[in-house]
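>>> From the sequence below, what's the structure:
(chains A and B)
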Amino acid sequence: MKLLIKNGHVVDARTKRDGIFDILIDEGKIVEIGKDLEVGSNCDYIDAAGKYVIPGLVDAHCHLRDPGYEYKEDIESGSASAAMGGFTSIACMPNTNPCIDNQEVVKYIINKAKQEAYVNVYPIGAITKGQKGEELAEIGELKFAGAVAISDDGKPVKSSSLMKKALQYASMFDITVISHCEDLDLVEDGVMNEGYQSTVMGLRGIPSVAESIMVARDLLLAEYTNTPIHIAHVSTETSVELIRFAKKRGVKVTAETCPHYFSLTEEACEGFNTMAKVNPPLRTKKDVEAIIEGLKDSTIDVIATDHAPHHEDEKNVEFNMAASGMVGFETALSLVVTNLVNPGILTIEQVVEKMCLNPSRILGLNKGVLEVGRTADITIFDVNEERIIDVNKFKSKSKNSPFDKFKLKGVVYHTIVNGKVVVREKVLL
Amino acid sequence: MSLKGKDLLGLRHLTKEEIEYILDIAKTMKLVLLSNNKKTPHLQGKSVVTLFYENSTRTRLSFELASKYMGASSANIAASSSSVAKGESLIDTARTIDQMGTDVIVIRHPMAGAPALIAKNVKAAVINAGDGMNEHPTQALLDIFTIIEKKGSLKGLKVAIIGDIYHSRVARSNIWGMTKLGAEVCVAGPATLLPPQLEMTGVKVYSTVQEALIDADVVMGLRIQLERQKSGLFPSLREYSRFFGLDEKRLKLAKKDVLLLHPGPVNRGVELTTSIIDGEHSLINEQVTNGVAVRMALLYLLTRKGDSIEAVN
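This is a model prediction of the structure:
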């Protein structure tokens, strides 16, 4: 059956389309984009009047916890959560158990996703075996099995020498290296940003330089080896400045940040709120401003979720003991709309760039564009409608969000994956 | 008047009036403590459990005696000999204690925020007896009580806190409490033992002990822990003592009638010389006595919420 999306405000960053159009989908592909297309016989129909119609969101950074930690999330629940948030393609990090450091785990995820997933799922392989930072993983085999990038996310590659080799070796296979930048020597046993808030709460701090120093190292390694690098979850002002500097020098760097780094500061930890414990930690107002500036001037290319589900028992404990991370799929677009689009910081086209086109390019996916002939991955949302976040309604197995009860604008109405409607009128089908 | 919260987790979130109210009741309790018959009935029919995840001599004994003097049933749990050693979570342990009809749980824990966590999960009143580097409110209250006993008020006094501020919950609680009561608080310590942006709390931060001591009305030395040296925060106890240790000569920079406090236990010859520990300015022994009075006051207040102060007089 065909599907016609009528009268939506279509925005696409690659083709620069921006206006009221209809989109006709047949056999999973976009077959026509135009004005006043007729609803023919045997054709399903979505009225998108008053709403934005954009390429399906692509998340370059999430944790699906499958295999190994299915009590937090699995491919089915994680992809359901993604679909509710308007994501049609998601790339999952390798810190599973066993970790995605060999082709068998890549195949397991791809096969399981084929059977259970609501959206396209792409595994990210490890840089080093067991993410131990000692020996390179079988990067070529990971790539040929279907991994879209490599990362030791959750941990840095501590050895500069090994990181240099990883960049050189990965570039041979044209696979992106995503770096989790953190100098563990500087982190010591810190649990939140080092600053005024850690001082008054008596918690050990993670200095912002623990991130920036590693960003600097990896930028220098990428420049030296003339290879691409993608910097994950940028959270500090100095990281943004270093990336800006490296881009000026022609370093092949791309960078991402996450909604919580432009929406919250370290003050969210007040009252020992473990929902606000995340790594890298929430920083200061000055950092938030720099992240926003970096998004505006395209120093930061991508907004990713770093969706990191954790069980209630891992959060309802002493702050020091609590797991780091927050779920993100079901709040990401609303935070972008509320904190970036409505205040006039980013246009919808720039949002499409950072949440569709750029992540798709970095991961080498043929996604993130609305044009005839493409697979129909489409997100339809309302920027004016307000909602109150209720974590208990999340499709994710985990409810660890610091945004519970927040009043946000921006509501996902429909999510279409490979031409199939998976979320319709805000309901998962 | 009564305390607003069910618990005493720290001085940061108490008002000036609440602090003064506690100190007022403590004055009465001190009279009881110094009297010939130390038994009072104010906690009769109440139960107090001390749950200590860290070692303690004075704080723990002080709470136990305070509850016994007032007729409470009391029990104590040492983490090493309980189900904690079997891996029971803090919340589960606290709920178990709560279910046994406990009125007050006094907790000491190595992690900041642990008392706040259990307070949210139990009906009992929770008293923080020290949580990580966060707060040690009863210690600060007894310090403040001791100063007010001698000086009448904290208003306008210059208080110098010297030593390892970074790791000190005593320093944090005192900073909150003393600044609320109008003292001018100065701190000095090695740069590696000062927490970042401390001046935003309203204290003056000095890098030499001399600057902090000039014309001080009160000097408080903090304990230096040897393990800090191993983690590279300062080179040796000898060097620490040379630049930040308190002795008779340095104490002369302060006012003539300066009061010397230390939360104990003291490393004699490191942060304070023996001669000043046992000297005329030292209030270290009074601090211990006052600790019992302050804790009696808190146990009373948290078990008799809403009752008027007259009840105790």
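
>>> for residue A:394, what are its contacts?
Taking Cβ atoms under 8 Å, 6 or more residues apart in numbering or on different chains, we find residue A:394 in contact with A:81, A:84, A:327, A:330, A:401. Where C-beta positions appear, they are placed from N, C-alpha and C, glycine not excepted.

>>> nearest to chain B, of these?
Of all these, chain B sits closest to residue A:401, with 18.4 Å by Cβ to the nearest Cβ.

>>> Surely the closest one is in contact with residue A:391?
Yes - look at residue A:401 against residue A:391 with Cβ atoms under 8 Å: they come within range, at 5.2 Å.

>>> Looking at the two, which is more packed in?
Shown here are residue A:401 and residue A:391; by other Cβ atoms under 10 Å in any protein chain shown, residue A:401 has more neighbours (22 against 18).

>>> can I assume the more buried one sits in a strand?
No - with DSSP: H, G, I helix; E, B strand; the rest coil as the criterion, residue A:401 is assigned coil and is not in a strand.

>>> if I read this right, residue A:381 contacts residue A:411, doesn't it?
Yes - counting by Cβ under 8 Å, residue A:381 does reach residue A:411; the two are 6.2 Å apart.

>>> So for those two, which residue has more residues nearby?
For the pair residue A:381 and residue A:411, the greater number of neighbours falls to residue A:381 (25 against 18), based on other Cβ under 10 Å.

>>> Chain neighbours aside, what residue packs nearest to that one?
residue A:412 (4.7 Å; Cβ to Cβ, 6 or more residues apart in numbering or on different chains).

>>> swap in residue A:93?
The shortest distance from residue A:93 to any non-neighbouring residue, by Cβ to Cβ, 6+ apart, is to residue A:153 (4.3 Å).

>>> Would you map the helices across the stretch 201-313 of chain B?
Applying DSSP state H, counting those that start in this stretch to the stretch 201-313 of chain B gives helices spanning B:209-213, B:226-230, B:237-244, B:248-251, B:274-277, B:284-303.

>>> Same question for the last one: list its buried residues.
Okay, so that is helix B:284-303. If you call a residue buried by 16 or more other Cβ atoms under 10 Å in any protein chain shown, then helix B:284-303 has these buried ones: B:284, B:286-287, B:290-303.

>>> and what of the first one?
When neighbours are counted by 16+ other Cβ under 10 Å, the buried residues of helix B:209-213 are found to be B:209, B:212-213.

>>> just the second one next, same as before
Going by neighbour count (16+ other Cβ under 10 Å), the buried part of helix B:226-230 is residue B:228.

>>> Next, name the residue at the spatial heart of the chain.
Let's take chain A. Centroid-nearest residue in chain A, with Cα atoms, centre = their mean: residue A:304, separated by 2.3 Å.

>>> Now for the residue nearest to that residue when sequence neighbours are not counted, how many residues are close by?
Distances taken as Cβ to Cβ, 6+ apart place residue A:61 nearest to residue A:304, at 3.7 Å, with adjacent residues excluded. As a burial measure, residue A:61 scores 28 neighbours (other Cβ under 10 Å).

>>> again with residue B:155
If we define neighbours as other Cβ under 10 Å, then residue B:155 has 11 of them.

>>> rewinding a little: shared neighbours of residue A:401 and residue A:391, which are they?
Counting by Cβ under 8 Å, 6+ apart, the residues touching both residue A:401 and residue A:391 are residue A:327.

>>> which stretch of helix or strand covers residue A:320?
For residue A:320, there is no host helix or strand (DSSP states H and E).

>>> Residue A:203 versus that one, what's the distance?
As judged by Cβ to Cβ, to the nearest Å, residue A:320 and residue A:203 stand 7 Å apart.

>>> Now do the shared contacts for those two.
Common contacts of residue A:320 and residue A:203, defined by Cβ under 8 Å, 6+ apart, comprise A:191, B:112-113, B:132.

>>> how about these in a markdown table, adding distance to residue A:161 and neighbour count?
Shown next, in a markdown table, are the shared contacts of residue A:320 and residue A:203 (distance: Cβ to Cβ, whole Å; neighbours: other Cβ atoms under 10 Å in any protein chain shown):
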| residue | distance to residue A:161 | neighbour count |
| --- | --- | --- |
| A:191 | 30 | 25 |
| B:112 | 38 | 25 |
| B:113 | 40 | 28 |
| B:132 | 37 | 24 |
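
>>> In TSV: these, plus pLDDT and secondary structure.
Listed next are the shared contacts of residue A:320 and residue A:203 as TSV, based on pLDDT from 0 to 100; DSSP: H, G, I helix; E, B strand; the rest coil:
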residue	pLDDT	secondary structure
A:191	98	coil
B:112	97	coil
B:113	97	coil
B:132	95	coil
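
>>> Would you state the helices of the stretch 51-200 of chain A in chain order?
Using DSSP H, counting those that start in this stretch, helices in the stretch 51-200 of chain A cover A:75-84, A:103-116, A:139-145, A:160-172, A:184-187, A:196-201.

>>> Spell out which parts of the stretch 51-200 of chain B neighbour chain A.
B:89-91, B:109, B:111-114, B:116-117, B:131-135, B:169, B:172, B:195-198, B:200 (Cβ under 8 Å from any Cβ of the partner chain).

>>> could you redo the last one with a cut-off of 6 Å?
B:111-114, B:116, B:132-134, B:172, B:195-198, B:200 (Cβ under 6 Å from any Cβ of the partner chain).

>>> Who are the packing partners of the helix or strand encompassing the residue nearest to residue A:381?
Assigned by DSSP H and E, residue A:412 belongs to strand A:407-417. Using 3 or more Cβ pairs under 6 Å, 6 or more residues apart in numbering or on different chains; DSSP states H and E as the contact test, the elements touching strand A:407-417 are helix A:329-336, strand A:378-388, strand A:420-424.
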